[in-house]
Structure formats: structure tokens, C-alpha cells
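*Asks:* what's the 3D shape of this:
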Amino acid sequence: MKRPDRSLVSWLFERQRFGIKPGLERIGEVLNRLGRPQDAFAVVLVTGTNGKGSTASALAACLAAAGLRVGLFTSPHLCRVMERFQVCGHELALSELEDVLDHIKRVSAGLDPTFFEIVTAACCALFARERVEIGVFEVGMGGRYDATNVLDPSLSVVTNVGFDHTEVLGDTLEAIAHDKAGIMRPGVPALTAATGVALRVIEDRATVQDVPLVVLGKEASYRAELLGWKGQSVTTYGEYGDITAVSPLVGGHQSRNLALAMLSAQSLGIASEAVEIGIREHRWPARLERVPYRDRWVVLDGAHNPSAAAALVAAWGVLEEHPPTLVLGLAKDKDILGVLDAFSSFMPRVIATRAKTSPRSLEPALIATYLETVHVEEDPREALEVAIRTSERGEHVLVTGSLFLVAELRAYVLNQRCEELERWQ
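*Replies:* Numbers count the residues shown, from 1 in each chain. You can find the predicted model right below:
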């Protein structure tokens, strides 16, 4: 039996240090040298500033409920790198990734691929080996030059457009929308829930490329009934027929993501019964996920940019009468002031901390310089314990601001083990 080679996973994670290098030439050549595994299955690309992971995973659940052998590629992962590579809702074995990485490392000599290019190529190889029929790929960043855009989609989905990764995508909504619209292909169906100037950019691109575009709010619509912490019921209306599904996902901002997933599944020919089952059985952790802990509720949500933070605050106002105690960690390269402004109503009770595994984490003392009253704890576990001690039984503690911080504390609360590898992406 072949012994596992953990050095290959270490090699992969070391590639994070070389940063992001947008472009499709390297990933294209890596895939060519692998024998073009991406040609073995159909592809759906899902991009957007927020909600693309929720939409992609919900769509994959609908496709699996219809009996398709479906692969799901998402990023970043929470605790295990294999969370990124799932087939019919199940993570693949780490040994399978190691085998693929060994091949990629050998064939990519001289190409210097990035971390995300390697995981994208690895996913394609894994899905081909697993005889996946259709792969749902969450775009990493933007769209036009993201490694996933080397794939040839049968359907393109743009959830929304907001400000994030402006140093790469541009500092206007028009520029960001233009980049995200790059996942659309001439004549290939697309769906979006974008609005305003971003929608106009996407619609212009669709017109030029003769893309059959369905816009949520125009060609299709939806209605949601929020069920508190139990989830929500979403009904979609449009050319594919009306359908109602009940989801455990919490928050009004998830209604749009669920509606997009449901409409996407219908556009691919999935029957309403399978859509209903998929949405009901779908789970997506660390998105307004509420976990009991020491007679309190710990709520985990990876809101890491201003629009995600604003959506979280709005959802909280519907769910709870009182603000939570906030355990907050931020990344150095995010819009810190924008996120803090969105969380301003939670400011009286803040414990600032940082993810231990991520060098991108902002020092909690720097977070405190932006705020009048804040408790600083370098160790995230101690930050959570401070929040528990200073709250009352039955109250809520919200961990947010950084998905890496949320991942670490989620594992701590659930008594799970996380991979202790440095996290940049």
C-alpha cells in the first residue's frame, strides 16, 4: 500500500506565500499537461462578491438529489483542505489529493503555478477520476482571470456585486462587475441577482455575447418567509415554473442565494421534487450557524467585507431583539473601516482577536485603535471565553469578521480538530 505523502500537502500550502497572479495561461497549460480532465464533465461557474459559496453548494445539493453524480469545488475551506473537493455531498479522501498533487508537481515544472491554480487543477483531476457528471465551481476571485474561468461552463451565475478585492478587481462597481461578468460565454445561459450599475454592466455583456440572461427581479422573482433560527421557506417564480422549498439556512440575505440555486437547477432541467429535497437537505456551515456552548449560543458567520457585514447585521435585527457580544477578527487587506462601520450597532460589546493560523490577520490591538471601547485578546480561544464570561446564560456570542477566525473557533466549540497549516487563501 502506498504510504501517504503529507509533504505534498505542505508543498501546496507553501504556494500560498507566492500570492495571487491573475491569468489563465498557467492553469491552462497545467490542465493540458494533465490531459484536460475538465473535459470529462459539465461545469457550472458561480461568482459574486458574497453568497457564491452558499449558492454553489445549494445548487450542488439539488443536482445530487436529482440523482446526478455532482462535484462541488469551494473556497476557502474551514478546517480541512478536503472540504474544497466534494462529490455528492461527501469529501474525497486526502490520499486522493496527495496522489493528484504528486502528478501536478511533476507536470507543472517550470510553470510556477499558484496555490489556487493547483487546487483548481487538482479538483478537475479528482472529479474526472470520480466520474463526476457535472461540477459546480465557486469562482475564487472576480471571474475574468480567475483560474476557474479556464473551464467551459454550461451555466454561469453571478450572485451579486459589491466592494471586495478592489486592489485586483478595481475600485468601482462597474469595474468589478465587468470582471465578474467574464465568466459568461457567448450563447450560454446565465443567471444573476445583481442590481444597479453592476446589473447594467452584466446586461450589456449579455447583449454583446448573445447570452440568455435571467435576472432575479426581472425574468424571475422570489418570495421568502423567514422562520427565525429554523431557516426559511423560499418560493421562486419564472419561466421554469413556480416552486417552494424549505431551507435550514438563516437570514434574509440567504433567500436570494437559495432562489438563484433553485432557478439554476431548474434551468438545468432538474425537477421540482429534487430541488425541494436538495434545498431541504442542504447545509452550509459558518453562515449564521448557531451552536449551543456553555449555556450560551455561539453564532458563527464569516462576514469579512462591508456588504456581508451589513447583511449579517440586518439579519440579526430580524432574528434577535438585543445585539450579541461580538468576537471580532479582521484581515489586514480588507476594508477595515467599512466592516467596523457595518458592525457599529454591535460596538458596545466587542472582544478583538485574530486567527492564529493566518498571517493576514490584523493585530487585535490595531482593531482597538478604531474603537472607543473594546477588549483585546491575542488568543482567539481566550477571546471566546471572555465573551462567555461577560455574557448571561441564554445570550448570544457572535464570532465574525474573518472566516479563518470562525473556522478556528468553530472547531474549538464543537471539539473538532483543524489542520494546523498556515492560511492565506
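
*Asks:* Now tell me what touches stretch 283-297 from outside.
*Replies:* Contact partners of stretch 283-297, identified using C-beta atoms under 8 Å, 6 or more residues apart in numbering, comprise 53-54, 57-58, 78, 229, 248-251, 254, 298-302, 312, 315, 319, 388, 391, 393-397, 403, 406-407, 410, 413-414. For glycine as for every other residue, the C-beta is placed from the backbone atoms N, C-alpha and C.

*Asks:* In PyMOL, how would I select the buried members of these?
*Replies:* Here is the PyMOL selection string for the buried members of the contacts of stretch 283-297, based on 16 or more other C-beta atoms under 10 Å:
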select buried, resi 53+54+57+58+78+248+249+250+251+254+298+299+300+301+302+312+315+319+388+391+395+396+397+403+406+407+410+413
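
*Asks:* in the helix or strand of the chain with the lowest mean pLDDT, what's buried?
*Replies:* One helix or strand of the chain scores below all others by mean pLDDT, DSSP states H and E: helix 166-169, with a mean of 75. Using 16+ other C-beta under 10 Å as the test for burial, helix 166-169 gives residue 169.

*Asks:* how distant is the next helix or strand after it from the center of its chain?
*Replies:* Next along the chain after helix 166-169, taking DSSP states H and E as the criterion, comes helix 173-180. How far helix 173-180 lies from its chain's middle: 18 Å, per C-alpha atoms, centre = their mean, to the nearest Å.

*Asks:* Just grab the bridge partners of residue 225 for me.
*Replies:* residue 233 (DSSP bridges).

*Asks:* what about it, how many neighbours?
*Replies:* Neighbour count of residue 225, defined by other C-beta atoms under 10 Å: 12.

*Asks:* OK, contacts around it?
*Replies:* Per C-beta under 8 Å, 6+ apart, neighbours of residue 225: 232, 233, 234.

*Asks:* Then residue 314?
*Replies:* Here residue 314 is in contact with 252, 253 (C-beta under 8 Å, 6+ apart).

*Asks:* Distance of it relative to residue 16?
*Replies:* Residue 314 is 33 Å from residue 16, where distance means C-beta to C-beta, to the nearest Å.

*Asks:* Break this structure into its domains for me.
*Replies:* What automatic domain parsing lists as the domains of the chain is 6-281, 289-413.

*Asks:* Quick one: these as a markdown table, columns for distance to residue 421 too.
*Replies:* Converted to a markdown table, these look like this (distance: least, C-beta to C-beta, whole Å):
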| stretch | distance to residue 421 |
| --- | --- |
| domain 6-281 | 5 |
| domain 289-413 | 7 |
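
*Asks:* how about low-confidence regions in the stretch 1-150 of the chain?
*Replies:* The model of the stretch 1-150 of the chain has pLDDT under 70 over residues 1-6, 18.

*Asks:* In helices, which of the contacts of stretch 283-297 fall?
*Replies:* 53-54, 57-58, 254, 312, 315, 319, 388, 403, 406-407, 410, 413 (DSSP state H).

*Asks:* Residue 7: which of those residues is nearest?
*Replies:* residue 407 (23.4 Å; C-beta to C-beta).

*Asks:* any idea how far residue 280 is from that closest one?
*Replies:* Residue 407 is 26 Å from residue 280, by C-beta to C-beta.

*Asks:* quick one, what contacts the residue nearest to residue 341 when sequence neighbours are not counted?
*Replies:* Nearest in space to residue 341, with sequence neighbours left out and distances taken as C-beta to C-beta, 6 or more residues apart in numbering, is residue 306 at 7.1 Å. By C-beta under 8 Å, 6+ apart, the contact set of residue 306 is 162, 163, 335, 338, 339, 341, 342.

*Asks:* Take the residues you listed and write them to TSV, including distance to residue 372, secondary structure and pLDDT.
*Replies:* Output for the contacts of residue 306, formatted as TSV (distance: C-beta to C-beta, whole Å; DSSP: H, G, I helix; E, B strand; the rest coil; pLDDT from 0 to 100):
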residue	distance to residue 372	secondary structure	pLDDT
162	27	coil	85
163	25	coil	80
335	20	coil	89
338	18	helix	93
339	17	helix	93
341	14	helix	93
342	17	helix	92
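
*Asks:* Got a PyMOL select line for the buried ones in those?
*Replies:* In PyMOL, this line selects whichever of those come out buried by 16+ other C-beta under 10 Å:
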select buried, resi 162+163+335+338+339+342
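
*Asks:* any chance of the contacts of residue 306 in a markdown table, plus distance to residue 259?
*Replies:* Output for those, formatted as a markdown table (distance: C-beta to C-beta, whole Å):
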| residue | distance to residue 259 |
| --- | --- |
| 162 | 18 |
| 163 | 23 |
| 335 | 27 |
| 338 | 26 |
| 339 | 26 |
| 341 | 28 |
| 342 | 23 |
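
*Asks:* Closest to residue 323 out of the contacts of residue 306?
*Replies:* For the contacts of residue 306, the nearest to residue 323 is residue 342 (12.9 Å; C-beta to C-beta).

*Asks:* returning to what we had before: how about the ones in helices among the contacts of stretch 283-297, which pair is most distant?
*Replies:* That would be 58 and 388, which, of the ones in helices among the contacts of stretch 283-297, are the farthest apart (C-beta to C-beta) at 32.1 Å.

*Asks:* got a list of what the closest residue to residue 397 other than its chain neighbours touches?
*Replies:* Computed as C-beta to C-beta, 6+ apart, the closest residue to residue 397 that is not its neighbour in sequence is residue 387, at 4.4 Å. Taking C-beta under 8 Å, 6+ apart, we find residue 387 in contact with 325, 326, 327, 351, 397.

*Asks:* in terms of contact, does residue 263 touch residue 240 like I think?
*Replies:* Yes: using C-beta atoms under 8 Å, residue 263 makes contact with residue 240 at a distance of 6.6 Å.

*Asks:* who touches both of those two?
*Replies:* residue 220.

*Asks:* Looking at these two, which has the bigger crowd around it?
*Replies:* Neighbours were counted for residue 263 and for residue 240 using other C-beta under 10 Å; residue 263 has more, 27 against 20.

*Asks:* what about the more buried one, distance to residue 222?
*Replies:* Taking C-beta to C-beta, one finds residue 263 at 8 Å from residue 222.

*Asks:* what would the contacts of residue 225 look like in CSV with distance to residue 358?
*Replies:* Shown next, in CSV, are the contacts of residue 225 (distance: C-beta to C-beta, whole Å):
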residue, distance to residue 358
232, 32
233, 37
234, 34
